[in-house]
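Q: need coordinates for the following:
(one chain, ligands or ions: 1)
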Amino acid sequence: MEHAGKHALVTGGGSGIGAGIARALADAGAQVTITGRRADKLTEVAGTHPNLHALVMDVNNEASVRDGIKTVSGVRGPIQICVANAGIAEGGPFATTTLADWRRTMTTNLDGVFLTFQSAMATLPADMPARMIVISSIAGVRGLKNAVPYTVTKHGVIGLIRGLSEEYMRAPITFNAVCPGYVDTDIVRNQIPGLMRRFDTDEAGAVAIIAKGNRHRRLLEVDETTSAIMWLCSDGARSIDGQTIQISGGQI
Ligand code: NDP
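A: Okay, the predicted model is just below:
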């Protein structure tokens with residue numbers, strides 16, 4: 001129960017990678033606030049563990065993030081573990097990407113992390129150890145075609161943790177990014193119908209096309225990202241700061 005008594009926040013905790021890390025933190029004793037826009041998904045996940053608590057919070061909305069985090073920290077305490085996981089992955093050729101498409105991805109994947117981190121950090125007394133973790137992507141360390149806005153945001157959050165790591169070097173708080181390859185979640189599964197049509201293949205064929213993006217050519221399971229994040233949250237990782245951890249079945 002390494003995290004007993006701590007309050008953790010996991011944005012996008014109602015599904016996929018976020019739900020996995022939220023459950024693992026709850027199992028380790030933390031009180032975990034999970035956030036997202038869909039109340040039904042949050043309630044479903046929160047119902048699986050007494051330490052999970054749902055909060056509807058839209059990372060595109062400043063007041064929603066600032067007020068939401070202030071309220072839950074008033075109830076469960078300062079946010080000692082913050083996992084900024086909420087994100088969208090929309091694809092398409094650069095030439096036809098509209099400014100609205102571009103801004104939607106920037107607002108969710110970049111502004112959302114800025115607001116989440118800043119609001120969570122505002123709950124912390126100066127001497128309290130804390131972990132700030134963002135879910136970037138392999139798109140944070142290399143370019144992905146047909147996903148330029150996504151690539152920009154996932155590179156951007158790595159700049160965020162590097163800058164914060166320098167700014168808070170002497171404080172007991174660390175900033176790190178996890179960069180998964182293709183993980184078997186809704187974000188990936190939602191691409192399958194389009195790939196089946198485009199390549200005239202079945203579901204297994206579409207999965208294989210996506211899995212080719214991982215060096216070991218299989219989709220990652222959620223628990224493979226969870227364990228890296230749990231390690232970053234551990235006391236033993238207190239000097240791991242400003243780092244990007246690739247989880248992609250091989251070197252990117
Ligand atoms: P999911 O689609 O399952 O998770 C995305 C989560 O983000 C959802 O719970 C969603 O909740 C939340 N979210 C999206 N927009 C908002 C918003 N405006 N406000 C609040 N919450 C929001 O996919 P994953 O679990 O795979 O994705 C989690 C993170 O991992 C993302 O940042 C993604 O880019 C990253 N990632 C995923 C990879 C993969 O292959 N799956 C690979 C690399 C990185 P709701 O819709 O209820 O708001």
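
Q: so where do the strands sit in this protein?
A: For the chain, the strands defined by DSSP state E occupy 7-11, 31-36, 52-56, 79-84, 130-135, 173-180, 244-247.

Q: for those, give me TSV that also has mean pLDDT.
A: What follows is those, written out as TSV (pLDDT from 0 to 100):
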stretch	mean pLDDT
strand 7-11	98
strand 31-36	98
strand 52-56	98
strand 79-84	98
strand 130-135	98
strand 173-180	98
strand 244-247	97
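
Q: okay, the ones you listed in a markdown table with distance to Gly143 and mean neighbour count next?
A: (Each C-beta comes from the backbone N, C-alpha and C, glycine too.) Below are these laid out as a markdown table (distance: least, Cβ to Cβ, whole Å; neighbours: other Cβ atoms under 10 Å):
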| stretch | distance to Gly143 | mean neighbour count |
| --- | --- | --- |
| strand 7-11 | 25 | 29 |
| strand 31-36 | 28 | 27 |
| strand 52-56 | 34 | 20 |
| strand 79-84 | 22 | 27 |
| strand 130-135 | 18 | 26 |
| strand 173-180 | 13 | 24 |
| strand 244-247 | 15 | 18 |
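
Q: and the ones you listed: which comes nearest the ligand?
A: The closest of the strands of the chain to the ligand is strand 31-36. By Cβ to the nearest ligand atom, the value is 3.2 Å.

Q: what ranges of the stretch 101-250 of the chain fall below the confidence cut-off?
A: Along the stretch 101-250 of the chain, the model assigns pLDDT under 70 to no residue.

Q: residues from it in reach of the ligand?
A: Applying Cβ under 6 Å from any ligand atom, one finds that the stretch 101-250 of the chain approaches the ligand through Thr108, Ile135, Ser137, Pro180, Tyr182, Val183, Thr185, Asp186, Ile187, Val188.

Q: mind running it again at 8 Å?
A: Residues of the stretch 101-250 of the chain found near the ligand (Cβ under 8 Å from any ligand atom) are 107-109, 112, 135-139, 150, 154, 179-188, 190, 219-220, 222, 225.

Q: these, buried ones only, as a PyMOL selection?
A: Buried subset of these, written as a PyMOL selection, criterion 16 or more other Cβ atoms under 10 Å:
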select buried, resi 107+108+109+112+135+136+137+138+139+150+154+179+180+181+182+183+184+185+187+188+219+220+222+225
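
Q: from the residues of the stretch 101-250 of the chain next to the ligand, which land in helices?
A: In helices, defined here by DSSP state H, the members of those are Gly112, Tyr150, Lys154, Asp186, Ile187, Val188, Val222, Thr225.

Q: quick one, domains of the chain?
A: 7-182+221-247, 184-219 (automatic domain parsing).

Q: most packed of the ones you listed?
A: Across these, averaging neighbours per residue (mean count of other Cβ atoms under 10 Å) puts domain 7-182+221-247 on top, at a mean of 19.

Q: now it, how far from the chain's geometric center?
A: 4 Å (Cα atoms, centre = their mean, to the nearest Å).

Q: wait, does stretch 35-49 make contact with the ligand?
A: Yes - judged by Cβ under 8 Å from any ligand atom, stretch 35-49 and the ligand are in contact via Thr35, Gly36, Arg37, Arg38, Lys41, Leu42.

Q: what sits against the closest residue to the fourth one other than its chain neighbours?
A: When the adjacent residues along the chain are set aside, Arg38 lies closest to Gly14, with 5.9 Å between them (Cβ to Cβ, 6 or more residues apart in numbering). Listed by Cβ atoms under 8 Å, 6 or more residues apart in numbering, the contact partners of Gly14 are Ile34, Thr35, Gly36, Arg38, Lys41, Leu42, Glu44, Val45, Ala54.
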